[in-house]
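Q: Here's a sequence, model it:
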Amino acid sequence: MKTISVILCVFWMGFIFYMSSNNGEISHQKSTKVADFVENTKEKFQNKISKNPIENTPSAVNKTEKENQLDYIIRKNAHAFMYMVLAILVANSFFSYNKKGKDAIVYVLFICLFYAVTDEFHQAFVPGRTSYVGDVLIDFGGALLGLAAFYLVYYNMIPKRYLINEKRFNR
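A: Modelled structure (predicted):
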């Protein structure tokens, strides 16, 4: 189980690197596909709720502005989500090696922050991509959420009996 948790971390880091390696055009196409899916789903939902189809459609300028805003939100949430998953996987690796507590928190956050910084540095050299310090902060925020979620699940949802047996087994 220990080896699998480390392999999952390395795999996820590779996935983040792959996504960062996409040039600006490919990256934009991917987020546009997600934005289109969200918009289509929203329109279908709105049409089901209202008996009459929406008569007042926004102008092309407003629609483009909305699409750009949605694209921006999707991109930033993707950053946070990828680092939330990374923090969960790294925390799981530390816990599988019985490294817990404050030290584990510091190490997990350091690894995620270091990877976020190197990821943004890497993006500076990818055509059509830019490096932005704000993205590092978003990545780190996602890592904080992931670590908090991991700790909440680990300490509140896993039965106490299992944790006690695990302590006896690991001695």
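
Q: got any ranges where the chain has weak pLDDT?
A: For the chain, applying pLDDT under 70 flags the ranges 24-40, 42-43, 45-46, 48-63, 158-171.

Q: three-state assignment of Asp103?
A: Under DSSP: H, G, I helix; E, B strand; the rest coil, Asp103 falls in the helix class.

Q: and it, how many neighbours?
A: 10 (other Cβ atoms under 10 Å). From N, CA and C alone the C-beta is placed, and that goes for glycine too.

Q: Would you check how far apart it and Tyr151 are?
A: Counting by Cβ to Cβ, to the nearest Å, the gap between Asp103 and Tyr151 amounts to 14 Å.

Q: Ala87 now?
A: Distance of Ala87 to Tyr151, given as Cβ to Cβ: 10 Å.

Q: higher neighbour count, those two?
A: Legend: neighbour count by other Cβ under 10 Å for Ala87 and Tyr151, higher for Ala87 (26 against 16).

Q: wait, doesn't Tyr107 sit right on Tyr97?
A: No. Using Cβ atoms under 8 Å, Tyr107 makes no contact with Tyr97, being 10.8 Å away.

Q: and the two? which has more neighbours close in?
A: Between Tyr107 and Tyr97, counting by other Cβ under 10 Å, Tyr107 is the more crowded of the two (15 against 12).

Q: ok, that one - contacts?
A: Counting by Cβ atoms under 8 Å, 6 or more residues apart in numbering, Tyr107 touches Val90, Phe94, Lys99.

Q: most neighbours, which of the residues you listed?
A: Going by other Cβ under 10 Å, Val90 tops the contacts of Tyr107 with 29 neighbours.

Q: can you map out the helices along the chain?
A: Assigned helices in the chain, in chain order: 2-21, 24-49, 60-96, 102-123, 133-152, 160-169 (criterion: DSSP state H).

Q: outside of stretch 115-123, which residues touch it?
A: Outside stretch 115-123, the residues within contact range by Cβ under 8 Å, 6+ apart are 13, 16-17, 20-21, 83, 86, 129-133, 135-136, 139-140, 143.

Q: OK, contacts around the residue nearest the centre of the chain?
A: Residue closest to the mean C-alpha point of the chain, counted by Cα atoms, centre = their mean, is Phe81 at 1.4 Å. Contacts of Phe81 were listed using Cβ under 8 Å, 6+ apart, and they are Gly142.
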